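**Q** kindly return the folded structure for what I paste below:
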Amino acid sequence: MRFLRYIPILLAFTVLFSCREASSFFGYNAVVKVGDKSLSTEEIASAMPKGLKGDDSVSYVEQYIDRWVIRQLKLQEAELIFSSSEADIDRMVEEYRQSLLIRKIEQYYLDRDIDFQITDSDIEEYYNANKSEFRLSHTVVKGYIVNIPSRYRRKDWVLSMLRGAHQMDSERFREVEQVCKKNNFKVIGYDQWVDFSEFLGYLPILRSADHRDMLRQRNLQRIDHNSVIYAFRITDYLEAGDFMPLFMAKDKIVTILAKRREGEVIRNNEQRMVSNAEYNGTIKFYRDSEEDKTVENIK
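**A** Residues are numbered from 1 along each chain as shown. Below you'll find the predicted structure:
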């Protein structure tokens, strides 16, 4: 559709000038009319992006008028077909308008009043008071994995040291770690909780198999595969259903506390508005006795 075929003068002019210049040249006259609605050169000029020239300017004007005409025709047809539902549509529009205004005023309160600083002590206090809300849905572990080439001449010494390294912060583990770093052996250590599936991803085993026995062992374990000794130890674990570690629950707690503070800010402002309105007489709550008197007067 090209409704501009009826106004070649405007098109010819926009080839040479911007639409803003065209509006000043032609004045603010109607370009097209649908029913009792008119589209003026002023409206087109105000909508046109800056910098459009020549063919781009012509194309934009054509498309803008096309869209405007179709929009007006749809609105007219909708009003004709749904005239009996006009009251419902007006009600929905008004409800939507009111909802937008309420959201804007509530956001204004939040921007003005809320303190979003949530401390570690706030988070820990909520966690300790609501631990039952934070349960693990999967197993998490702490531990380490050390890859030792089977040909390494001191592999027995490394394994012996690791058998006594029950924690990653032990002197034995740190000594082994230095040797591995010097020889470019891979060491994967988790001193914080990590998904068990991630830990298993560094071992040459099927993650889908049952590894509960592996979890319960506190001794050094090993798997020999492709000339590599995978020496590993699970130093601690938590299973699905156990309490979630605090650091895992932190993001959720921050969200909960932020929402709680938002609610408090909005409620405080609601109470302020009601109190002020009662004080200055904007609103008045009628008590039962007053309502009874009103009913009697009506009778």
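**Q** residue nearest the centroid of this structure?
**A** Centroid-nearest residue in the chain, with Cα atoms, centre = their mean: residue 255, separated by 11.1 Å.
**Q** any idea of the pLDDT on it?
**A** On the pLDDT scale, residue 255 is placed at 94.
**Q** phi, psi of it?
**A** Here is the backbone geometry of residue 255 (degrees, to the nearest 10): phi -60, psi -40.
**Q** okay, it and residue 45: tell me how far apart.
**A** Computed as Cβ to Cβ, to the nearest Å, the residue 255 to residue 45 distance reads 47 Å. C-beta: built from backbone N, CA, C; applies to glycine.
**Q** again, but for residue 214
**A** 73 Å.
**Q** strands of the chain, start to end?
**A** All strands of the chain, identified by DSSP state E, fall at 30-34, 37-40, 140-149, 187-195, 221-225, 228-238.
**Q** now do the buried residues in the shortest one.
**A** Within strand 37-40, the residues that qualify as buried by neighbour count (16 or more other Cβ atoms under 10 Å) are 39, 40.
**Q** same for it, what does it pack against?
**A** Other helices and strands packing on strand 37-40, by 3 or more Cβ pairs under 8 Å, 6 or more residues apart in numbering; DSSP states H and E, are strand 30-34, helix 54-81.
**Q** can you redo these as TSV with mean pLDDT, distance to residue 265 and mean neighbour count?
**A** Formatted as TSV, the helices and strands packed on strand 37-40 follow (pLDDT from 0 to 100; distance: least, Cβ to Cβ, whole Å; neighbours: other Cβ atoms under 10 Å):
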stretch	mean pLDDT	distance to residue 265	mean neighbour count
strand 30-34	87	47	16
helix 54-81	88	40	14
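**Q** could I get the ones you listed in a markdown table, plus columns for distance to residue 97?
**A** Putting the helices and strands packed on strand 37-40 into a markdown table (distance: least, Cβ to Cβ, whole Å) gives the following:
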| stretch | distance to residue 97 |
| --- | --- |
| strand 30-34 | 25 |
| helix 54-81 | 18 |
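**Q** residue 110 is nearest to which of these?
**A** helix 54-81 (35.6 Å; Cβ to Cβ).
**Q** buried residues, stretch 42-52. List them.
**A** Neighbour-count burial for stretch 42-52 [16+ other Cβ under 10 Å]: 42, 43, 44, 45, 48, 52.
**Q** now it: mean pLDDT?
**A** For stretch 42-52, mean pLDDT is 84.
**Q** pull the CA atoms of it into PDB?
**A** In PDB, the C-alpha atoms belonging to stretch 42-52 read as follows (Å, rounded to 0.1, in the frame of the first residue of the first chain):
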ATOM      1  CA  GLU A  42       3.400  18.400  11.800                       C
ATOM      2  CA  GLU A  43       2.900  14.900  13.300                       C
ATOM      3  CA  ILE A  44       4.900  13.300  10.500                       C
ATOM      4  CA  ALA A  45       7.700  15.800  11.000                       C
ATOM      5  CA  SER A  46       7.900  15.300  14.700                       C
ATOM      6  CA  ALA A  47       8.100  11.500  14.300                       C
ATOM      7  CA  MET A  48      10.800  11.500  11.600                       C
ATOM      8  CA  PRO A  49      14.300  10.500  12.800                       C
ATOM      9  CA  LYS A  50      16.900  13.200  12.400                       C
ATOM     10  CA  GLY A  51      19.300  12.900   9.400                       C
ATOM     11  CA  LEU A  52      17.000  11.100   6.900                       C
END
